[in-house]
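*Asks:* sequence and predicted structure are below.
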Amino acid sequence: MTVQPDSIPYSLVLADRGPARTFAVVNQSGGAGKTTSVVNIGACAAEYGYRTLIVGLDAQCDASVLCGYEPDMMAGQPTLYDVLLGVADFEDTIVPALSGRYGDKDTKAIENLYIALESSNLEDAEQILGPKTGREFWLRGLLEKVRDKFDLILIDCPGNLGLIVVNALVACDEVIGAVKPGWKELRALTRIELKIEDIQAVFPGVKSYLSKVLVVDAPTHRSQGAVYDDSKKSVESAYADKLLPMVRRSPRIPEAYAAQKALRFFDRAGDATQDYYKVTKGLGFPRRKR
Ligand SMILES: Nc1ncnc2c1ncn2[C@@H]1O[C@H](COP(=O)(O)OP(=O)(O)OP(=O)(O)O)[C@@H](O)[C@H]1O
Ligand SMILES: [Mg+2]
């Protein structure tokens, strides 16, 4: 694979930054808005001047797809699966994130935004990692190599709390719980906290914690969800100190997915796009002065 002509390959990103603040975006449930949030926070932070790395850990490859790539179709391009097998270096999986589908005429590399590509073979990741010594620390070891090259690292987790997600919880500094509004969805936050407690009981050196809660797909008017007000109140009271600005429900989000675009390249003035800029500031990444 050759990267887009206007992009700076990761191998040439030499200036030291960081150490990056590293977040894992987690929820045991599928479809909780994790990938949408990782890619759009990454795209906003990149625009604000932070060199950002997205790490895709999901066999569905949604983060890679939203960044313009179809890793399974790219012969010769190393992915995290190859790193897991020991046949590629982590740095070789890192490519510039794109503003649209790879190969499309108007697609450009997004300044400051990179992605470590995943692949559908990651389905087997737990079986491969399982017997390895230090299996919970695989990702942490990889990220150590690049932490000084980025300001921000965002890990997109699969929708479970298995070994790959444990790797993300061990590797990150902070955990963002992404939830759609609702009672069932809120219970997922408790499970994330219990999992982190479990990990810390076994590995006291692990310091990550649930630092932020991000409610996505929030109905924009009452008729869209009768239980919404109640669940909103309960998340506000239980997680008041952790709550990021909410991301409103928008049909533009699935449309942007289909176009393989981050929202800022698809619907720049849209409500959900503006919400993600606010979320990015809320995480502590306001626009940098040049
Ligand atoms: N604010 C929103 N408004 C409308 N649709 C949304 C919103 N946020 C996410 N979605 C849609 O919800 C679906 C799930 O989102 P996403 O893929 O980000 O979740 P996920 O937690 O990464 O899921 P998985 O666990 O399968 O990886 C997608 O179709 C996405 O387009
Ligand atoms: Mg996802």
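*Replies:* Alright, I've got the coordinates. Ligands and ions are numbered 1, 2, ... in the order given.
*Asks:* excluding its backbone neighbours, what's nearest residue 271?
*Replies:* With CB to CB, 6 or more residues apart in numbering as the criterion, residue 271 has its nearest non-adjacent residue at 5.0 Å, and that residue is residue 248. Backbone N, C-alpha and C define where each C-beta goes, glycine included.
*Asks:* tell me the confidence at that neighbour?
*Replies:* According to the predicted model, the pLDDT of residue 248 comes to 93.
*Asks:* ok, it - how many residues close by?
*Replies:* The burial count assigned to residue 248 is 17, neighbours taken as other CB atoms under 10 Å.
*Asks:* list the contacts of it.
*Replies:* Going by CB atoms under 8 Å, 6 or more residues apart in numbering, residue 248 touches 218, 220, 271, 272, 275.
*Asks:* now the buried members of these.
*Replies:* The neighbour-count criterion (16 or more other CB atoms under 10 Å) marks 218, 272, 275 among the contacts of residue 248 as buried.
*Asks:* list the contacts of the helix or strand bottoming out on mean pLDDT in the chain.
*Replies:* Comparing every helix and strand of the chain by mean pLDDT, DSSP states H and E singles out helix 228-238 as the least confident one, with a mean of 76. The set of residues that contact helix 228-238 without belonging to it, under CB under 8 Å, 6+ apart, is 179, 181-183, 185-186, 189, 213, 215, 218-219, 222, 243.
*Asks:* would that helix count as contacting ligand 1?
*Replies:* No: with CB under 6 Å from any ligand atom as the measure, helix 228-238 is seen stopping short of ligand 1, the closest distance being 13.1 Å.
*Asks:* which helices and strands does the helix or strand just after that helix pack with?
*Replies:* Downstream of helix 228-238, the first helix or strand assigned by DSSP states H and E is helix 252-258. If you count contacts as 3 or more CB pairs under 8 Å, 6 or more residues apart in numbering; DSSP states H and E, helix 252-258 packs onto helix 62-66, helix 271-282.
*Asks:* mind putting these into CSV with mean pLDDT and distance to residue 45?
*Replies:* Below are the helices and strands packed on helix 252-258 laid out as CSV (pLDDT from 0 to 100; distance: least, CB to CB, whole Å):
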stretch, mean pLDDT, distance to residue 45
helix 62-66, 98, 15
helix 271-282, 98, 5
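*Asks:* so which of those is the most surrounded?
*Replies:* Taking mean count of other CB atoms under 10 Å as the contact definition, the stretch among those with the greatest mean neighbour count is helix 62-66, which reaches a mean of 25.
*Asks:* buried set for the helix or strand following it?
*Replies:* Going down the chain from helix 62-66, the next helix or strand is helix 80-85, by DSSP H and E. Under the neighbour-count criterion of 16+ other CB under 10 Å, helix 80-85 has 80, 81, 82, 83, 84 buried.
*Asks:* returning to that earlier point: and of the buried ones among the contacts of residue 248, the nearest to ligand 2?
*Replies:* Sorting the buried ones among the contacts of residue 248 by distance to ligand 2 puts residue 272 at the head of the list, at 16.4 Å, by CB to the ion.
*Asks:* would you confirm that that closest one contacts residue 255?
*Replies:* No: if you go by CB atoms under 8 Å, residue 272 and residue 255 don't touch, sitting 10.6 Å apart.
*Asks:* on that earlier part again, near ligand 1, from the contacts of residue 248?
*Replies:* Among those, ligand 1 is touched by residue 272 when using CB under 6 Å from any ligand atom.
*Asks:* from the contacts of residue 248, pick the one nearest ligand 1.
*Replies:* Of all these, the one sitting nearest ligand 1 is residue 272; the distance, using CB to the nearest ligand atom, is 5.3 Å.
*Asks:* need the per-residue pLDDT for residue 117.
*Replies:* As predicted, residue 117 sits at a pLDDT of 97.
*Asks:* how about it, what does it touch?
*Replies:* Residue 117 neighbours (CB under 8 Å, 6+ apart): 56, 64, 69, 71, 74, 77, 78, 79, 80, 93, 94, 95.
*Asks:* which element, helix or strand, includes the nearest residue to residue 123 once chain neighbours are set aside?
*Replies:* Leaving out its chain neighbours, the residue that sits closest to residue 123 by CB to CB, 6+ apart is residue 59, at 4.2 Å. For residue 59, there is no host helix or strand (DSSP H and E).
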